[in-house]
Structure formats: structure tokens, C-alpha cells
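[1] build me a model:
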Amino acid sequence: MGPEPPTAAGSARKCGSCLHLLVLALASLSILYPALTARFHFNTEIASSSPSGLSVSGVAAALAGQEDQVLHFSPLPPTTVQSQPTETPAPLPRQSPVQGMPAESIMAAASVTSARTQPTPLAPPASVYIVYTVQDGDTVDGLAARYGISASSILWSNLELESADSLVPGQYLRVPTSDGIIYDIKLGDTLSDIADRFGVDVPAIISFSGNNLKSADSIAENQTIFIPNGSMPVPAVTLTPVPQPESPSTPVPAPLPTPLPTPPAVSPSGIAARAVELARSRIGAPYVPGAAGPDGFDCSGLVFWVYSQLGLQVPRSTQQQLAWVAPVEMSQLQPGDLVFFANTSGSSGISHVGIYVGGEGVVMAVNNGDIVREVSLAEPYWSAHFAGAGRPP
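    Residues are numbered from 1 along each chain as shown. Sure, this is the predicted structure:
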């Protein structure tokens, strides 16, 4: 006899057994799953979640009527795992070539060292001179008083000036900041020679801050330096002796001597002759700006010295001397007269004067770098600049 065919009751029993096994498997999985998740650090929001959308609470509700056939259990409460905030590690200090010392510390130390080794800035050097633009009415004496220096310092620092009277509005002058001479170094100059020439010591020139000299060898051609308290040299010259008038011989009666008679006053013509002699006696003396003899002269200084020797009250400047004399025509010139010139050496107006000595000759202190010498009115330059003549009183 063969096997019996399956019945409906048997099939139902088999399905019930399969369902019991499925419930047990799901219950076991719900118990083991949180433990496994915690062990392997799975981050999940709810540990009781299971695949296929099933949950322990749902399965328990479905099987509530079969409590006698299945293992009784309590569903696990949901477990929430909170993620820990991630801390950002502090940045490590940059390593420097110096072992164990952060770069910031080394940079700070280097900054301090640099500050300590930085040289202290020096005060700006004193200026050698200022450039002044001559205004209408300016005089060398007035500028000297304004800046607290001597008139000679201005004249000696501006060798293009023929005299203290040759200022022209708009002209530029180098005005020293103290007494002394502004000097432009020439090829072949040495500081020792310059010091000897102007009567000062080499250290005095080097120590003047405006010169920026480190040593006696640090000068260069065309460099401008200041000679503190220097003075223009006056070369030694051989002057022609002035012949002295012979005293009139007076017979002395015996036995008592007769007193000498009072010499007669010198006539105007005698004064003129003596003026010519004195002027010619200074030929060869150097031209020195602002000087009035006896060993150096500017143009009006020569006239001042000559006529002062003769007892006359002669003014000092060229313009004042022009007002002092009585005008004469060129055709009426006599020895001893003063001859005036205009617009010489870049100056405007009456700018030069000399002493007429006869035969168209004029003795004058010509210009800077020159000497007292005799020129001729027939020379083109002097005839072109002739401005008039006058006779001293």
C-alpha cells in the first residue's frame, strides 16, 4: 500500500511549526543585534531596527494570541547612540632649524636682535649755506646783519661780485650760515693746501658736519665745502715806494736857528698828483672783495684808500663816490679824476670805478682773481662800458 496523500490538517500543522521557528529567529536577532552593533562600533540611530521593515513590537502584536505556543519576551526599548563631537586638534607649532624652538620665538628673537643692531640715525648735517635772491634795495652789509655774519663772508663766498656795491635784483648769492668761506674744490687741491691758504686747521674743515668729510683724502673736484672762520689770503707783493716831497731848505742864520716855516697847503693839483702816485704804488696788489687796503682792494676800496691817505673824507661805495665827485666830460679828464663804468661782469647800473692817471690810463682793482693794474680807456671793453667821470672836491 502506498503513502497517504497529504491532508489539509497536516499542512496546517506544518505551517504553524514554520511560523514558530520564524518568530524565535526574529526574537533572537533582536536580542543579539544591539550587542553586535555596540561591539563593532556601528553608529545607528535605533538599534531595534531590522530588515524588511519588521520590528519586535510589530511581531509581538501579531502573535499576541499565541502566547502559550511561543517564547514570551519583552521588547527592548529603542537605544539611541549619540555621536560624540569631534575635537579639532590644536595645530602644532612650526618647527624651525633650531631644535625644539618654535619659529615664532626665533622670529621674535631675530626682530629684537635686528632692532639692537640697527644703527641709530644721525642728525642731519648742518647746511653749508643758503641761496638768497637779491631784492631791490639789498646791500651786502644789510644781508650780513640779517644773517649774523660778516660782510666779508658774503663777498668771499661769491667771487663773481666785484664789490659790495655790485648787487643786482634777481641775482643769486650763496650766504654762509656762519662766518667763513664757501669754497669750490678745484683739480689738484688738497685739504692741507686749502687749510693753509685760508688760515685754518685741517681738523676744523673736516669736523664741520655740513662738509660730510671722513678724512683729508675724501674731497673731490667741484665739491663745495665750507671753511669755518677762514679769510681770503693776501699775497705778499712788492709795492713801488712812494716818492716823498722834498722839504724846502731854509737858511739858518747864526747864532740862533730860525724855526722852519709852515709848509703851504697842498693845492688841488698837488692832491691829484699824489693820488696818481698812491694809486700806481698799489699796482700788483690782489683784488680782494670788500677790502680797502693797504695790501688788497676791491675797486671802490682802492679809491677810498688813496684819497683817505690825502686827508679827504671819501665815501666807501661806488655809488656814493659817484655822488661825491663833481661831474666832468671825458674830454676834460685830468689825472686824479674818478672814472665810472656800468654793467660790468653781469652787474647792472654803475658797477665799477678807477682812478684816471693821464694818457687814457686808469688804475683800478679790476676783478676777482685779478690784481690792481692800469688799463686804457681805448680798450674796447672799457670804452663800451664807460659811464662818466668826476673830480674829487
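[2] pretty sure Asp217 sits in a helix.
    No: counting by DSSP: H, G, I helix; E, B strand; the rest coil, Asp217 is not part of a helix but coil.
[3] distance of it from Phe304?
    For Asp217, the distance to Phe304 equals 43 Å [C-beta to C-beta, to the nearest Å]. To be clear about C-beta, it is placed using only N, CA and C from the backbone, and glycine gets the same treatment.
[4] between the two, which has more neighbouring residues?
    Neighbour comparison, Asp217 and Phe304: the larger count goes to Phe304, with 22 against 8 (by other C-beta atoms under 10 Å).
[5] SS state for Asn132?
    No, residue 132 isn't Asn; it's Tyr. At Tyr132 the chain is in strand, as set by three-state DSSP.
[6] one more: Phe341?
    Assigned with three-state DSSP, Phe341 falls in the strand class.
[7] was I right to think it contacts Ser347?
    No: with contact defined as C-beta atoms under 8 Å, Phe341 does not reach Ser347; the gap is 9.7 Å.
[8] more neighbours: which of the two?
    A count of neighbours by other C-beta under 10 Å puts Phe341 above the other of Phe341 and Ser347, at 26 against 21.
[9] so Arg174 is in which element?
    Here Arg174 sits within strand 172-176, counting by DSSP states H and E.
[10] what sits up against the helix or strand that that strand is followed by?
    Counting by DSSP H and E, the element after strand 172-176 in chain order, helix or strand, is strand 180-184. Applying C-beta atoms under 8 Å, 6 or more residues apart in numbering, the contact partners of strand 180-184 are 128-129, 153, 156-157, 174, 176, 194, 198, 222-232.
[11] do the same with stretch 212-221
    So stretch 212-221 is contacted by 125, 185-187, 189-192, 202, 205-206, 225 (C-beta under 8 Å, 6+ apart).
[12] those in helices, which ones?
    If you go by DSSP state H, those have 191-192, 202, 205-206 in helices.
[13] which among those end up buried?
    Among the ones in helices among the contacts of stretch 212-221, those classed as buried by 16 or more other C-beta atoms under 10 Å are 191, 202, 205-206.
[14] in a markdown table, list those residues along with pLDDT and distance to Ala384.
    Putting those into a markdown table (pLDDT from 0 to 100; distance: C-beta to C-beta, whole Å) gives the following:
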| residue | pLDDT | distance to Ala384 |
| --- | --- | --- |
| Leu191 | 90 | 42 |
| Val202 | 91 | 46 |
| Ile205 | 91 | 42 |
| Ile206 | 91 | 47 |
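[15] out of those, who's nearest Leu161?
    Leu161 lies nearest to Ile205 out of these, by C-beta to C-beta, at 23.4 Å.
[16] just to check, that closest one is in contact with Ile225?
    Yes: using C-beta under 8 Å, Ile205 makes contact with Ile225 at a distance of 6.5 Å.
[17] break the protein into its domains for me.
    20-78, 129-228, 268-391 (automatic domain parsing).
[18] winner for burial among these?
    Among those, domain 268-391 has the highest mean neighbour count (mean count of other C-beta atoms under 10 Å), at a mean of 19.
[19] still on that earlier bit, JSON lines for the contacts of stretch 212-221, including distance to Gly293?
    Converted to JSON lines, the contacts of stretch 212-221 look like this (distance: C-beta to C-beta, whole Å):
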{"residue": "Pro125", "distance to Gly293": "38"}
{"residue": "Ile185", "distance to Gly293": "30"}
{"residue": "Lys186", "distance to Gly293": "28"}
{"residue": "Leu187", "distance to Gly293": "33"}
{"residue": "Asp189", "distance to Gly293": "29"}
{"residue": "Thr190", "distance to Gly293": "31"}
{"residue": "Leu191", "distance to Gly293": "31"}
{"residue": "Ser192", "distance to Gly293": "30"}
{"residue": "Val202", "distance to Gly293": "31"}
{"residue": "Ile205", "distance to Gly293": "29"}
{"residue": "Ile206", "distance to Gly293": "34"}
{"residue": "Ile225", "distance to Gly293": "29"}
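[20] between these, which sits nearest Asp141?
    Ile225 (25.8 Å).
[21] for the stretch 101-250 of the chain, what spans make up the strands?
    129-133, 172-176, 180-184, 224-228 (DSSP state E, counting those that start in this stretch).
[22] same list, those, but as JSON lines with mean pLDDT and distance to Ser300 please.
    Output for the strands of the stretch 101-250 of the chain, formatted as JSON lines (pLDDT from 0 to 100; distance: least, C-beta to C-beta, whole Å):
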{"stretch": "strand 129-133", "mean pLDDT": "90", "distance to Ser300": "22"}
{"stretch": "strand 172-176", "mean pLDDT": "91", "distance to Ser300": "19"}
{"stretch": "strand 180-184", "mean pLDDT": "89", "distance to Ser300": "21"}
{"stretch": "strand 224-228", "mean pLDDT": "90", "distance to Ser300": "26"}
